[in-house]
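In: Got a predicted structure here, sequence first:
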Amino acid sequence: MPAPEGAGSGANSGLYGSLRSFWSVLLAILYTRLDLVSAELEDGGKYLLRLVIVTLAALLGASISVFFALFFLVVTFWDERVLLLGVISGACIVATAVLIIAARNLMQNRPKFLSQTIAELRRDVEGLRQAMAAKKDEGKP
């Protein structure tokens, strides 16, 4: 049976074909993993922005609470319109406490950095191990 045109010897073309196939699979895996890394980095950026906004809001609330609490103490002994300042101070303190708790929860419940990418790479390694083991089993009589 003659060799097809453009093909080298059977062993040579098989080796080159296998190498080409190997590199194309490897490049596809790398492309997929890089895509996953970029998605995780984008999610991490969004998470960080949310955390910064909540933290700044908590700091603003704390500043306003301290201001009104001190103002409340000054006015307590000065005039009869104290109740309004007390309500404002209390609302600011409650809002600050809620924002601090939200910021703490965001920090405690953040996902591990690049966890999805690492999990995918582990699955890739396991799949390659299984494929290699199956290939060894095929070669045994």
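Out: The structure has been received and is ready for your questions. From a predicted model like this one, the values you see are computed outputs, not experimental measurements.
In: can you point me to the longest helix in the protein?
Out: helix 10-76 (DSSP state H).
In: That one: how far from the chain's middle?
Out: How far helix 10-76 lies from its chain's middle: 4 Å, per CA atoms, centre = their mean, to the nearest Å.
In: After it, which helix or strand is next?
Out: Going down the chain from helix 10-76, the next helix or strand is helix 82-108, by DSSP states H and E.
In: What angle do helix 10-76 and the helix or strand bottoming out on mean pLDDT in the chain make with each other?
Out: Among the helical and strand segments of the chain, the one scoring lowest on mean pLDDT, DSSP states H and E is helix 115-139, with a mean of 75. Counting by axes from the mean of the first three to the mean of the last three CA atoms, to 10 degrees, helix 115-139 points 160 degrees away from the direction of helix 10-76.
In: what packs against the longest helix of the chain?
Out: Contacts defined by 3 or more CB pairs under 8 Å, 6 or more residues apart in numbering; DSSP states H and E place helix 10-76 against helix 82-108, helix 115-139. The way it works is simple: take the backbone N, C-alpha and C, and place the C-beta from them, glycine included.
In: Just the buried positions in stretch 66-82, please.
Out: Going by neighbour count (16 or more other CB atoms under 10 Å), the buried part of stretch 66-82 is 68-69, 72, 75.
In: what pLDDT does the residue nearest to Ser115 when sequence neighbours are not counted get?
Out: Spatial nearest neighbour of Ser115, excluding adjacent residues (CB to CB, 6 or more residues apart in numbering): Glu40 at 7.7 Å. pLDDT for Glu40: 80.
In: what's Glu40 in contact with, if anything?
Out: 113-117 (CB atoms under 8 Å, 6 or more residues apart in numbering).
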